[in-house]
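A.B. asks: my questions are about this predicted structure, shown below with the sequence.
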Amino acid sequence: MATYVNDLRLKEIGTGESSGTWGSETNTNLELIAEAFSFGTEAITTNADNHTTTIADGSTDPGRSIYLKYTGALDSACTITIGPNTVSKLWFIENATTDSGSSGPYNIVISQGSGANVTIPNGHVKAIYSDGAGSGAAMVDAFTDLNLAGTTTVDDLTVSDDLTVTDDATIGGTLGVTGAVTANAGVSIDNITIDGTEIDLSSGDLSIDVAGNIQIDADDNGEIRILDGGTQYAQIKKDGNNALFQSIVADGDFIIQGIDGSSFVSALTLDMSDAGSAYFNNKIGVKQTSPANNVHIEIDAGGEGILVKGTGDHSGLLQFNTNRSNSNRVLGQLLGTWNGTDVADIQLKTADDTTNKDNGQITFSTSSADNLGEKMRLDDVGNLMIGTTTASPADGVSPAVLIGDSSDSSSGLVLSNSSHNWLLYNDSDGDFNIYDSDNNADRFTINSSGQHLQTPLGVSVPSFSFIGDTDTGMTRPTGDTLQFVTGGSEAVRINSSGRMFIGRTTALQSDNMLSVEGSGTGAGNAIMDIRNTASSDTCGCIALSKASTTTDSSARFIWFFANNFSTSMGAIGGNGANNVQFVTASDERLKENIKPLTGSLDKVLALNPVSYTWKESGEDIKAGFVAQEVEKILPEYTATEEDEMKTKSLTGGMTSGYIAVLTKAIQEQQEQIEFLKSEIKILKGE
């Protein structure tokens, strides 16, 4: 009986079989033997994780080919099982699969049984043989340990293109390479001999690790050149006995960096675009054992001197220390401060620690005479002393400015500009004087009795002025005038007659003692706001008094005008009977559309006179009207205040207007009475 037990799965004809077909079956077997040495390709189902290749019995099959190429699209590694598991055979298998997604390409894993298997990376070919051990069969990488032994006349191994070694490669002889050697994991070599001129590295880093020193010997002018992408940017060279470190790119800086904590900092920058100016990122420490003339740092500015620049609120710090008593002590500091609002200060101060200072004094000297030629002193309290070293300010006055000798107008505190000189001094009588050096005269004096005296130029009577802003072009006033100026504009003036003007410079009326002018335009924008917050006050808020008590216009206490004093609206006055008169303008020339009233009696009858007390003051019961009720009948005599409550009020017209309505009502009522009287007479037959 025929069998297929051979490794090529050929038909083995049994005795007496295949009568009449033996020749064709033999030819088929010969063709299958030829196929075993041929190229075959087999596609894997798209995205399959497992695939089976079974060599067919007695018929053509790609799995029988010695060179087997797998194709198909994968989304993960695929395990390929080649059977039957009893076949012992050699293959060259190529992984020609593609990526169906975006994370590949992927490996294929060649297996036969439960034994070992072989992984082929995408795009690679491996020589693999099976051991045919049945269910435990294994696949073996045939070239894992490949030994190519040559002769003296034949090279051991010739590779015409790239050679990639993924594991160890041991070469006992000389390795001659005419092309490139790629070693992604690194190269370990005991000794290197380079006959050419370059060591090229297309990517990655190059590390040189030696047990001893690294020596670079360049005989051509001693230059060591440093390039980036073929462009040189720096070099080290020998110049006589000097070593030069050069940046050869125009305006290319030298920057020395280090790691502070976890971040790089530029410790020193040499700015080549600024003639090599050096910029240190932080502190500079200079230590010399024997400096010339005891100078630790000598700076020849030759220009604008030294600029110290910082980024914090305090910058430009210059600190003075001493090693007195074997202890580093701070004497003082010179620094600049910035408060963030476009204001900068320069400060010279002594040490904060009182153990490190002697009263914290700052002195200014102009020679090397005794006491260092001191001319001015600022002590720890804040007293400024000029011409004296002893502070003796008056009680409660600290800090103070003290001038050593200022007993007359020849010395003191001088205020000067290009045109004028003024002097502040205290004379032998104890008076404080402001002296006009241009005119050789005292212009302002506070005498020992506390009196203030001032005599302006060309004026025999003293006057006094307060000027807030001289940039507005105001000149010094003359005569007995007191002015108050704010923001460059005059706000208040008191003239020689004792008359006060607020908001203006002249009287509203020639005989006004107080003239006030404002610009209030809306509710609540009164020119004056007078309030009395006392719990009890017999005078109220305003008390007015007038010598005359006649009833003519001269007895007016308050007068009301409209149209800028062109029209009299009324007044509040008084007479000899101790009565207050409320006078309202009623001139026919001020009125128009004059016509009789009608329906007055109905309006009077509709009004509701009431008694009440005020909530705020709790005053006694009053008689009067409620504004909301009056508004329904006589709306022309009510008003709504622009306050939070929108308070209803009765206007001043309620007095005269209501009298007119009441008068008309009485007239209408009298007409009714006269009518009724005439009717009664008729009934009586009179």
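C.D. replies: All right, it came through fine.

A.B. asks: who touches stretch 671-682?
C.D. replies: The contact list for stretch 671-682, computed with C-beta atoms under 8 Å, 6 or more residues apart in numbering, is empty. Placement of C-beta: from N, CA and C, glycine included.

A.B. asks: avg pLDDT for that stretch?
C.D. replies: In this model, stretch 671-682 has a mean pLDDT of 87.

A.B. asks: could you dump that stretch to CSV, C-alpha only?
C.D. replies: The C-alpha trace of stretch 671-682 is given here as CSV (Å, rounded to 0.1, in the frame of the first residue of the first chain):
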residue,chain,number,x,y,z
GLU,A,671,-71.5,133.1,46.1
GLN,A,672,-73.4,130.0,47.1
ILE,A,673,-74.3,131.6,50.4
GLU,A,674,-75.5,134.8,48.7
PHE,A,675,-77.6,132.6,46.3
LEU,A,676,-79.2,130.7,49.1
LYS,A,677,-80.0,134.0,51.0
SER,A,678,-81.7,135.4,47.9
GLU,A,679,-83.7,132.1,47.5
ILE,A,680,-84.8,132.3,51.1
LYS,A,681,-86.0,135.9,50.6
ILE,A,682,-88.0,134.8,47.6
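
A.B. asks: please shift the residue numbers so they start at 26 in all later answers.
C.D. replies: Sure thing, new numbering starts at 26, so read that last one as stretch 696-707.

A.B. asks: quick one, phi psi at Glu656?
C.D. replies: phi -60, psi -30 (degrees, to the nearest 10).

A.B. asks: and the gap between the nearest residue to it once chain neighbours are set aside and Gln271?
C.D. replies: Once flanking residues are discounted, Glu656 sits nearest to Thr663: 4.2 Å by C-beta to C-beta, 6 or more residues apart in numbering. Between Thr663 and Gln271 the distance, using C-beta to C-beta, to the nearest Å, works out to 97 Å.

A.B. asks: who has more neighbours out of the two?
C.D. replies: Neighbours were counted for Thr663 and for Gln271 using other C-beta atoms under 10 Å; Thr663 has more, 20 against 16.

A.B. asks: and the more buried one, what does it touch?
C.D. replies: Ala652, Val655, Glu656, Lys673, Ser674, Leu675, Thr676.

A.B. asks: would you list every one of the strands in the stretch 576-711 of the chain?
C.D. replies: 581-587, 592-599, 605-609, 635-637, 647-649, 663-665, 673-675 (DSSP state E, counting those that start in this stretch).

A.B. asks: pretty sure Ser90 contacts Ala61?
C.D. replies: Yes: between Ser90 and Ala61 there is a contact at 7.0 Å, judged by C-beta atoms under 8 Å.

A.B. asks: between those two, which one's more packed in?
C.D. replies: Ser90 (21 against 18).

A.B. asks: where are the low-confidence patches of the stretch 326-475 of the chain?
C.D. replies: 326-331, 333-342, 348-353, 363-368, 377-384, 392-397, 416-437, 441-444, 474-475 (pLDDT under 70).

A.B. asks: show me how the protein divides into domains.
C.D. replies: Domain assignment for the chain by automatic domain parsing gives 47-166, 331-382, 498-546, 571-619, 625-709.

A.B. asks: columns distance to Ile284 on top of the ones you listed, output as JSON lines?
C.D. replies: Shown next, in JSON lines, are those (distance: least, C-beta to C-beta, whole Å):
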{"stretch": "domain 47-166", "distance to Ile284": "37"}
{"stretch": "domain 331-382", "distance to Ile284": "20"}
{"stretch": "domain 498-546", "distance to Ile284": "57"}
{"stretch": "domain 571-619", "distance to Ile284": "81"}
{"stretch": "domain 625-709", "distance to Ile284": "67"}
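
A.B. asks: among these, which comes closest to Asn458?
C.D. replies: domain 498-546 (18.8 Å; C-beta to C-beta).

A.B. asks: and that closest one, what's its mean pLDDT?
C.D. replies: Mean predicted lDDT for domain 498-546 stands at 74.

A.B. asks: pull the longest helix from this structure.
C.D. replies: Counting by DSSP state H, the longest helix found in the chain is helix 678-709.

A.B. asks: between the contacts of Thr663, which is closest to Gly97?
C.D. replies: Taking the contacts of Thr663 together and measuring to Gly97 by C-beta to C-beta, the closest member is Lys673, at 96.5 Å.
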